[in-house]
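S.K.: Give me a 3D structure for the following:
(2 chains)
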Amino acid sequence: MDLETALPGARDEEAGYAERPARMGFFTDTSVCIGCKACEVACKEWNAVPDDLTAFTGMSYDNTVGLGADSWRHVAFIEQRKPLGHQTPGVGDMDFRWLMASDVCKHCTHAACLDVCPTGSLFRTEYGTVVVQQDICNGCGYCVPACPFGVIGKRESDGLAAKCTLCYDRLQVGQEPACAKTCPTDSIQFGELDELRERAERRLERLRESGVSSARLYGHDPDDGVGGTGAFFLLLDEPEVYGLPPDPVVTTRDLPSMWRHAGAAAAALLVGLAAVAWKGRRR
Amino acid sequence: MNERVWPVLRQLTGKDRLGKGAAVRSAATAALRARTAGADRVVKSVCPYCAVGCAQNVYVKDEKVVHIEGDPDSPISRGRLCPKGAATLQLTTDSRRARKALYRPPHAADWQEIDLDTAMDMVADRIIATRRATWEAEHEGKRTNRTMGIASLGGATLDNEENYLIKKLLTALGVIQIENQARVCHSSTVVGLGTSFGRGGATTFMQDLVHSDCVVIQGSNFAEAHPVGFQWVMEAKARGAVVIHVDPRFTRTSALADLHVPIRAGSDVAFLGGIINHVLSNELYFRDYVLHYTNAATILREDYRDAEDLDGLFSGFDPDTRTYVTDSWEYEGMPVVTATGTSEEAARGVGGRVPEGWSEMHGAAGATLTGTAQRDETLRHPRCVLQVLARHFARYTPEMVERVCGVPQDLFAEVCRHLTENSGPDRTSEFVYAVGWTQHSDGSQFIRAASILQLLLGNIGRPGGGIQALRGHASIQGSSDIPTLFNLLPGYIPMPHAHEHQTLADFLRSDAPHQGFWADMPAYLVSLLKAWWGPSARPDNDFRFDWLPRMTGSHSTYDTVLAQLDGTCKGYILLGENPAVGSANTRMQRLGMAKLDWLVVRDLNLIESATWWKDGPEIETGELVTEDIGTEVFFLPAATHTEKSGSFTNTNRLLQWHHRAVDPEGDARSDLWFMYHLGRIIREKLAGSADPVDAPILDLTWDYPVEGEQGEPVAEAVLAEINGWDAEGRPLSRYTQLKGDGSTVCGCWIYCGVYADGVNQAARRKPADEQDWIASEWAWAWPANRRVLYNRASARPDGHPWSERKKLVWWDEAAGHWAGFDEPDFERDKPPGYRPPEGASGTAALSGTDPFIMQPDGKGWLFAPAGVVDGPLPTHYEPQDSPVVNPLYGHQRNPARKVYEHPDNRYHPSGHEPGASVYPYVVTTYRLTEHFTAGGMSRGTPYLAELQPEMFCEVSPELAAERGLVHGGWATIITARNAIEARVMVTDRMPSLHLDGRVVHQIGLPFHFGPNGLARGDAANELSSISLDPNSHIQEVKALSADIRPGRRPRGPALREMVAAYRERAGIVAGTGTEV
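M.R.: Reported below is the predicted structural model:
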């Protein structure tokens, strides 16, 4: 039984908005990413995300390491002894390629963070994105393990959850998110999700034609374990290579059946208790 | 939905029954409003980092900058910004920025705060006193009217208007040693491009990359150092262009290229020479273009001897002075007359040499020749340039390229194939380079080599063609054009050398027959003198020509360091430059500063050049003791680009105005403010002086209007002076209006027109989507708003486009003038059929088929008969310090390079020389996207610092195995100058090269780091030496030899002991590596 029919009214996308604009999202085409990290900085500047100064990590050019409360965009750098389509790397006799990809909150169709949030801090916006409301968040942290992508973190300074808002404030005045706006090569594209999905298909086709057979889309499929993501990607290798789960599943997927089983168990218990009580009275 | 209603009630009564959307929206969420939408005003600006010139929108609310992002109207950047551009909000508004004037008295242990006015007054006093004490009316019997006691450094991060005031005030004070980052970054560009084509700037503009069929990026890490410009490479690639990256490392640029060609650092002339040889020997050159538009057919003199004949030397070499007498390089029957009359005979007493520092005058126009060249239109004459070229490069075979560069022959063949297949009437290829080419002891020749190749392939002046020089500071082109450089006056007019008697007429040699645009030099120089000394500059006093201080040799920033060490130079003003990290041999830079009487540092942060006396590396080693250092230090915080108005000149000669958004806080002030008020105070202090030495200061035109509480000079008033006006005070609109009789005023002739009609043309911002791809109404480019230089070459000699696909400018027969997409870089009404009459001079001497209008013969120079001091043709020499033997010539290094023998600047043995194996590896230095130059504008910015928090070195797995280096661990890198430590990055991106039967390992070092700020580490430039290109005085930091070993470097005196032990082991003595 799928989620939507299991819980009547669980279609997150609707989320009770009288007027709902088209669902908005990101298409991150990693095949044109130059790893400049402008997205990371533009995000921090716009959202006043705290800096997070660490030391040299040695993870290629990645010193951000991952997404978290203080990193809402993260550019991964992967050095591989693998060929990239028709590219001639000239670094000796081996094949070589250097992959870069800017990761971000996926703004899932079925968002577990949202499901588990007890306060209503996390909510679905009219654009279909998922946003933390800092004034509501009580820092319980349930959302942190609930995210199948490890996107959300709790900020050390105030203990509150924080993640990408897809620049909810900018969207409301007709501006694109800061990361997409700044991206020098248009690796991060913002727009209506349906249109982005079509664009991504076309891009995938072109890349494959040009010999980049390893290209694939990630998160574009509405039938995947999270119902498709609002922020999806064109990758050049398996998702695991980029630190992405290969088959993400909304961690609250089994909640409906759990509730059903719990309900049945509770009903059975009630019946049993009633029977016991009835028997006892007869005595 | 009303967010004030209790959410549960909303959930139960509305459609959001699960409480996941509208029902739980909080009041704070509902009140969210993008601060871009709520700003009081949006101020138009330009990014202050590299020279791509990305436009910015600065959002101001309640007189505070609340946000900065890209301006989508810009045709160059289209609203995008790189991480540095995106961090400018933090750069400009971070609370950690220095905003208080500081003073360090002599021998003091720490700073003390100082009142800004007091500090200004004290600085003025010190300048006056030092100037008086060190005034040099004559030098060895020749009039100099100068002080060698004061020097300044910096300007490339500043506005043109600021550079103008720096040059104007300091020159009037008699200061010669005025330098900026252009010296250490792109001075060789001016020489290389200027002598080849007639102007020293990039020949094209960024957006034109989309029209390229093949983009060769070499000597540049385009994607990392100029990310927003790189969008145009991506666009070209999407349209089917082949992208080739030739680089020692596999970088973020290589990651997006079709072809990455690893090359040994410093061997590019051999690589380019190999392609030239391939093109010539297979007759793949664009014959019609080459025949008509280059000097291929020109006959050379009989006494010319090539490097082929003399084992790496050209005719005319004098081993005693290590200079060339260049007569024999001239065209047959067309001798060189230096544009400014004083041939080196007068300047230096020896015949036939280009005077020191004068190669760069070709930044705005070529050399001057007189007479008519002899040509062989069949290109078969043994002394015609094409044949000489073919002989010169004949030994640059694919095998030789492999031996010298380590490039496998099949890979080299691929590059040749792509390049030649994508050049011709219907296709064009573009070269893109940066400081990977410029910073060598023969850097100018790297650029010459590319220029020759692009001329042979017919790619100059055409859409998608050209040579793109990527400059790395917001206005480093501007600080060359309005030069805060020792050897130039505005518009590339050379600074005069010292003579016993020299009149303006002598200098101008106005009687000499000139061809080309330099013929109008008197108009340019007299208008400049009028701009500086106004009514005081009259014909009867030679327009105060005598008041210009005189050169007596090289006074580059590196000569200044030696002058500081020997006590000649006593006062130093740093204006947004950090030599303690960014210049070669940084230890020497600091030791020089420790000998100063006084030092003024103006910057956004407390950079290493401001604090070395208390926490520099030499304090740690014990070489310097704070209490013993007598240098008085003033730190005066500077204003940022959002806090002042002015123009930046981007890498494509485009002047873009940025408007002040807010006033600077605290003691922070613009450099316009600093220079203006410094001049005002000095003039007030000297008022009434009858000493003729003070007259140039007192008569200087210095009455700029000021505004606001801080008394900020009006930048547009300075721009108006740079542009110039006529006798009635009306703004001029083009430099052809300038006159040599004193009736016109113009601060920089090539910028004349930027204030045409009294309108700030640099502030024009017609949105890109309302214009064609040239976008000629966005800002203003020199010369005369032309965007693709030499674009006459985009048409055939008869004036028709070479092809429909590549048309740009053409002769409109019906209209009787040149027409096209771009502003024609040609006399508009001169028909293709025009031929100069006998004895014609000036521009009339150029025919209707001569596209290189700043050249005396109108041709692109495959062979440079003048202007390049170390050879008319590029020749492969090894870097100053190299583990590799030069297999091409007996001369290992550039024989004419400039070396500085000094105990703190020892060189390495090279090649087979004994001791060379002590420093067996090749070091190359470079930028990272996340940082900026010497770090003053990035290492203190948290959002940038966290992205690359520590100094590291990049090594191959093979080198790591050979030396026991551990990924993530530490390594120490050692040269004869110093040793540094860095975290180790073992990576396949740093390929080891196989050449000439051996493996050469290279070590990559980002040069941004230093001990101050948030992102720290040892500076790579501790390792480099002062060894210079003789044309441009640029230092060699892109290729040097070194050793590397695991672990951290020694602390304290042990560091110097280790460096000395290495030197001893290598047998290094005073003369090592200085051989011709």
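S.K.: CA atoms for contacts and neighbours, from now on please.
M.R.: Noted.
S.K.: Pop out the phi and psi values for B:Val42.
M.R.: Per-residue torsions, B:Val42: phi -120, psi 120 (degrees, to the nearest 10).
S.K.: Mind listing what's buried along the one helix or strand B:Thr420 maps to?
M.R.: Element membership for B:Thr420, per DSSP states H and E: helix B:409-421. Buried residues in helix B:409-421, counting neighbours by 16 or more other C-alpha atoms under 10 Å in any protein chain shown, are found at B:Gln409, B:Leu411, B:Phe412, B:Ala413, B:Val415, B:Cys416, B:His418, B:Leu419, B:Thr420, B:Glu421.
S.K.: OK, contacts around residue 30?
M.R.: This is for chain A. Going by C-alpha atoms under 8 Å, 6 or more residues apart in numbering or on different chains, A:Thr30 touches A:Leu99, A:Met100, A:Ala101, A:Ser102, A:Ser187, A:Phe233, A:Leu234, A:Leu235, A:Leu236.
S.K.: ah, I was thinking of chain B
M.R.: Taking C-alpha under 8 Å, 6+ apart as the definition of contact, the neighbours of B:Ala30 are B:Glu3.
S.K.: Check it and give its pLDDT.
M.R.: What the model reports as pLDDT for B:Ala30 is 92.
S.K.: again with B:Glu344
M.R.: For B:Glu344, the model assigns a pLDDT of 41.
S.K.: Identify the residue nearest the geometric centre of the chain.
M.R.: You didn't say which chain, so I picked chain A. Taking C-alpha atoms, centre = their mean, the centroid of chain A lies closest to A:Lys106, which sits 1.9 Å from it.
S.K.: try chain B instead
M.R.: B:His186 (2.8 Å).
S.K.: Find the nearest non-adjacent residue to it, please.
M.R.: Distance criterion C-alpha to C-alpha, 6 or more residues apart in numbering or on different chains; nearest residue to B:His186, sequence neighbours excluded, is B:Thr438 at 5.9 Å.
S.K.: so the one you found touches B:Ser187, yeah?
M.R.: Yes - using C-alpha atoms under 8 Å, B:Thr438 is in contact with B:Ser187, at 7.5 Å.
S.K.: which neighbours do the two share?
M.R.: B:Ile1034.
S.K.: what's the weakest-modelled helix or strand in chain A?
M.R.: When each helix and strand of chain A is scored by mean pLDDT, DSSP states H and E, helix A:3-6 comes last, with a mean of 41.
S.K.: Can you give the distance of the following helix or strand past it from its chain's centre?
M.R.: Once helix A:3-6 ends, the next helix or strand along the chain (criterion: DSSP H and E) is strand A:24-29. Distance of strand A:24-29 from its chain centroid, counting by C-alpha atoms, centre = their mean, to the nearest Å, is 11 Å.
S.K.: Give the partner strands of strand A:24-29 in its sheet and their orientations.
M.R.: Taking DSSP bridges as the criterion, strand A:24-29 sits next to strand A:188-192 (antiparallel), strand A:231-235 (parallel) in its sheet.
S.K.: Export only the CA atoms of the first one, formatted as CSV.
M.R.: In other words, strand A:188-192. What follows is the C-alpha trace of strand A:188-192 in CSV, where atoms were taken according to Å, rounded to 0.1, in the frame of the first residue of the first chain:
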residue,chain,number,x,y,z
ILE,A,188,22.9,24.6,-10.6
GLN,A,189,19.7,25.4,-12.4
PHE,A,190,16.6,26.6,-10.7
GLY,A,191,13.1,26.4,-12.0
GLU,A,192,9.8,24.6,-12.2
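S.K.: tell me the angle the very next helix or strand once past it makes with strand A:24-29.
M.R.: For strand A:188-192, the succeeding helix or strand toward the C-terminus, using DSSP H and E, is helix A:193-209. Relative orientation of helix A:193-209 versus strand A:24-29 (axes from the mean of the first three to the mean of the last three C-alpha atoms, to 10 degrees): 10 degrees.
S.K.: Quick check: buried residues in the helix or strand that comes right after helix A:193-209?
M.R.: Reading on from helix A:193-209 to the C-terminus, the next helix or strand found by DSSP H and E is strand A:216-218. In terms of neighbour count (16+ other C-alpha under 10 Å), strand A:216-218 has its buried residues at A:Arg216, A:Leu217, A:Tyr218.
S.K.: list the buried ones in stretch B:426-433?
M.R.: Residues of stretch B:426-433 classed as buried: B:Arg427, B:Thr428, B:Ser429, B:Glu430, B:Phe431, B:Val432, B:Tyr433 (neighbour count, 16+ other C-alpha under 10 Å).
S.K.: Same list, those residues, but as TSV with distance to B:Trp970, secondary structure and pLDDT please.
M.R.: TSV is the format used below for these (distance: C-alpha to C-alpha, whole Å; DSSP: H, G, I helix; E, B strand; the rest coil; pLDDT from 0 to 100):
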residue	distance to B:Trp970	secondary structure	pLDDT
B:Arg427	49	strand	98
B:Thr428	46	coil	98
B:Ser429	43	strand	98
B:Glu430	40	strand	98
B:Phe431	37	strand	98
B:Val432	34	strand	98
B:Tyr433	32	strand	98
